[in-house]
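> fold the stuff below for me.
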Amino acid sequence: MTNKIPVIFDTDPGIDDAAALTVLLTDDRFDVKLITAVAGNVSVDKTTKNVLKLTHFFNRPDVAVARGAAKPLVKAYQDAANIHGVDGLAGYHFAEPSTKTVSLSAVEAMRATLLASDEKITLVAVGAYTNIAMLLQSYPEVTDKIARIVVMGGSLSGGNMTSVAEFNVFTDPDAAKIVFNSGLDVTMIGLDVTLKALLTAESMATLATMNKTGEMLTALFNAYGDGSMATGKPMHDVNTLFYLLSPEKYTIKDYWVDVVTDGPAIGATVADSHARTHTTTNVHVATDIDVAAFNAWYLLEIAQINDAAVNAGKLEN
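Numbering: from 1, shown residues only. Next comes the predicted model:
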């Protein structure tokens, strides 16, 4: 056993995904077993390449990367290139990655990784949950190897894709419903906290002067179409990692959460807040966060990244 947190990280980079991968790949408290890509912010071809760009930037050829689902389970695919740029990582030109994906698909790679592990693994999903849902449907035997699932997504207080739906859940609501109803330990880190967890203008100004990683992130954040450089940028996906490291910085409430899978409210996450229709709960929901602690933590995370440890000198810009 180890004190590190063993993680499979499912992602769709995406600028805030890149901000999260920066921490995942450089903080030795995480034992990164596998990173899987999924269609979401941009197509799966682009999200997969973006993961490889980031593992190359942070000199982590040891981290296995697998390509996942190209479209949602049922719903038509709709990207967020207007927020993240055509290639998903607008604002910065990364070098061509030096590594390739594993030969297995994301679902097969997750299955193999879980079954081969001597300890339970935490699944972290910060894109659409398509890969995770397919895994649970196809290989229910892996559930004994899953410690918990932490997802970025959902909202109890309004959406960012529609008036009621958050983007990740909206992208594949059928997958979200499968994950929430899986019977596993699921924590939802949604817009209720991520729209509060803004990286402040002061923090971003500090970040820009830190190191090569700070320069890279600043360039991405300048091009990020969510929030503003003046009032702050939401670091949606980074919250999953801050939660794993510092759960005491979040307020968590347990609810039964249903996912709307069709109609005008598709993608809405509806909590039985009055406990009138369900006698049990299925999701731990983050409802508040210590914003100052989040900013301080993220700056410390970036400050500890040594320029000599990254491939920053090999970039094309």
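
> in this protein, which spans are strands?
Assigned by DSSP state E, the strands in the chain fall at 5-11, 30-37, 65-67, 121-125, 146-152, 186-189, 198-199, 233-234, 250-255, 257-259, 269-271, 283-289.

> for Asp17, find the nearest of these.
With respect to Asp17, and counting by C-beta to C-beta, the nearest of the strands of the chain is strand 5-11 at 4.8 Å. Placement of C-beta: from N, CA and C, glycine included.

> what packs against that closest one?
In terms of contacts (3 or more C-beta pairs under 8 Å, 6 or more residues apart in numbering; DSSP states H and E), strand 5-11 is packed against helix 15-24, strand 30-37, helix 106-116, strand 121-125, helix 238-245.

> run through the neighbouring helices and strands of the first one.
When you say that, I think you mean helix 15-24. Helices and strands touching helix 15-24, by 3+ C-beta pairs under 8 Å, 6+ apart, are strand 5-11, strand 30-37, helix 44-57, helix 212-223, helix 238-245, helix 291-303.

> buried sites along it?
15-24 (16 or more other C-beta atoms under 10 Å).

> need those in a markdown table (columns: pLDDT).
Below are these laid out as a markdown table (pLDDT from 0 to 100):
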| residue | pLDDT |
| --- | --- |
| Ile15 | 94 |
| Asp16 | 92 |
| Asp17 | 96 |
| Ala18 | 97 |
| Ala19 | 96 |
| Ala20 | 97 |
| Leu21 | 98 |
| Thr22 | 97 |
| Val23 | 97 |
| Leu24 | 98 |
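
> closest one of these to Asp254?
Within those, the smallest distance to Asp254 is 24.6 Å, found for Ala20 (C-beta to C-beta).

> with adjacent residues omitted, what lies nearest to that closest one?
Asp237 (4.0 Å; C-beta to C-beta, 6 or more residues apart in numbering).

> show me the contacts for that neighbour.
Counting by C-beta atoms under 8 Å, 6 or more residues apart in numbering, Asp237 touches 11, 14, 16-17, 19-20, 126, 152.

> okay, it and Ala308: tell me how far apart.
Relative to Ala308, Asp237 is positioned 27 Å away (C-beta to C-beta, to the nearest Å).

> and what of Val42?
Here Val42 is placed at a distance of 31 Å from Ala308 (C-beta to C-beta).

> of the two, who's got more company?
Higher neighbour count among Val42 and Ala308: Val42, with 23 against 9, using other C-beta atoms under 10 Å.

> what pLDDT does the model give the nearest residue to Gly40 once chain neighbours are set aside?
If you skip the residues right next to it in sequence, Gly40 has Asp12 as its closest partner in space, 3.0 Å away by C-beta to C-beta, 6+ apart. If you check Asp12, the pLDDT there is 97.

> how about Thr280: what's its closest non-neighbour residue?
Spatial nearest neighbour of Thr280, chain neighbours left out: Trp256 (6.5 Å); criterion: C-beta to C-beta, 6+ apart.

> in contact with the one you found, which residues?
Contact partners of Trp256, counting by C-beta under 8 Å, 6+ apart, are 271-272, 275, 277-278, 280-283.

> again, 10 Å this time
Contact partners of Trp256, counting by C-beta atoms under 10 Å, 6 or more residues apart in numbering, are 180-181, 270-273, 275, 277-283.

> below-threshold pLDDT in this structure: ranges please.
Applying pLDDT under 70 to the chain flags the ranges 1-2, 312-317.

> give me the residue at the spatial middle of it.
Geometric centre of the chain, nearest residue: Val126, 2.3 Å, by C-alpha atoms, centre = their mean.

> okay, the closest residue to that residue other than its chain neighbours and Gly190: tell me how far apart.
Excluding its sequence neighbours, the residue lying closest to Val126 (C-beta to C-beta, 6+ apart) is Asp237, at 3.8 Å. Computed with C-beta to C-beta, the distance linking Asp237 and Gly190 is 12 Å.

> so what sits against both of the two?
Applying C-beta under 10 Å, 6+ apart, one finds that Asp237 and Gly190 are jointly contacted by 152-153, 168.

> so which of those comes closest to Thr213?
Closest approach between these and Thr213, by C-beta to C-beta: Met152, at 21.2 Å.

> tell me the bridge partners for the closest one.
Legend: beta-bridge partners of Met152 under DSSP bridges are Ile189.

> what's around the closest residue to Asp185 other than its chain neighbours, how many residues?
In this structure, Asp185 finds its nearest non-sequential neighbour in Arg148, 4.1 Å apart by C-beta to C-beta, 6+ apart. For Arg148, the count of nearby residues is 15 (other C-beta under 10 Å).

> next one: Lys145
By the measure other C-beta under 10 Å, the count of residues near Lys145 is 18.

> return the distance of Ile305 relative to Val63.
Separation of Ile305 from Val63 (C-beta to C-beta): 16 Å.

> need the contact list for the most far-flung residue of the chain relative to its centre.
For the chain, the largest distance from the centre (C-alpha atoms, centre = their mean) belongs to Arg276, which lies 31.7 Å off. Listed by C-beta under 10 Å, 6+ apart, Arg276 has no contact partners.
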